[in-house]
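**Student:** all I have is the shape, not the residue letters:
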């Protein structure tokens, strides 16, 4: 398996989750001020950074290792945060596809994290 394939998988699931999060008004769950506007600004910053990271991963640049670690940890964190929301009784993200995206995000991110750590030497310059 090539690292860019698993990175793309995790990135796709994270973006799909953000689309789903807009439907569920996730900013309300986090009690964030600014509502959808803050949510949009966050995504306008994080999505291009993660896409730029994909470029670094494809080129096997040294910073691609950091981007891959960051993206995989973001996927794991997404799952853990939503597990916490579930435990505390939140009713959002209860549709089958919403749940599947979050669980697959964790699975893809975990595989990516392990692969990235195992293949650290492929990242150069």
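**Tutor:** That came through fine. What you are looking at is a predicted structure, and each value in this text was computed from that prediction instead of being measured. Residues are numbered from 1 along each chain as shown.
**Student:** quick one: residue 58 from residue 51, how far?
**Tutor:** 11 Å (CB to CB, to the nearest Å). The C-beta positions use only the backbone N, C-alpha and C, and glycine is treated the same way.
**Student:** which residues of the chain fall in strands?
**Tutor:** Counting by DSSP state E, the chain has no strands at all.
**Student:** low-scoring pLDDT stretches of it, where are they?
**Tutor:** 1, 125 (pLDDT under 70).
**Student:** scan it for its longest helix.
**Tutor:** If you go by DSSP state H, the chain has its longest helix at helix 62-87.
**Student:** which positions in stretch 72-84 come out as buried?
**Tutor:** For stretch 72-84, a neighbour-count test (16 or more other CB atoms under 10 Å) marks 72, 74, 75, 76, 78, 79, 82 as buried.
**Student:** mind checking how far that stretch is from the chain centre?
**Tutor:** Relative to its chain's centre, stretch 72-84 lies at 8 Å (CA atoms, centre = their mean, to the nearest Å).
**Student:** next one: stretch 85-97
**Tutor:** In terms of CA atoms, centre = their mean, the centre of stretch 85-97 is found 18 Å from the chain centre.
**Student:** show me the contact partners of that stretch.
**Tutor:** Residues from elsewhere that reach stretch 85-97 (CB atoms under 8 Å, 6 or more residues apart in numbering): 20, 24, 25, 26, 29, 82, 98, 99, 102.
**Student:** look up the closest residue to residue 8, ignoring the ones flanking it.
**Tutor:** Take residue 8 and drop its neighbours on the chain: the residue closest to it by CB to CB, 6 or more residues apart in numbering is residue 54, 6.6 Å away.
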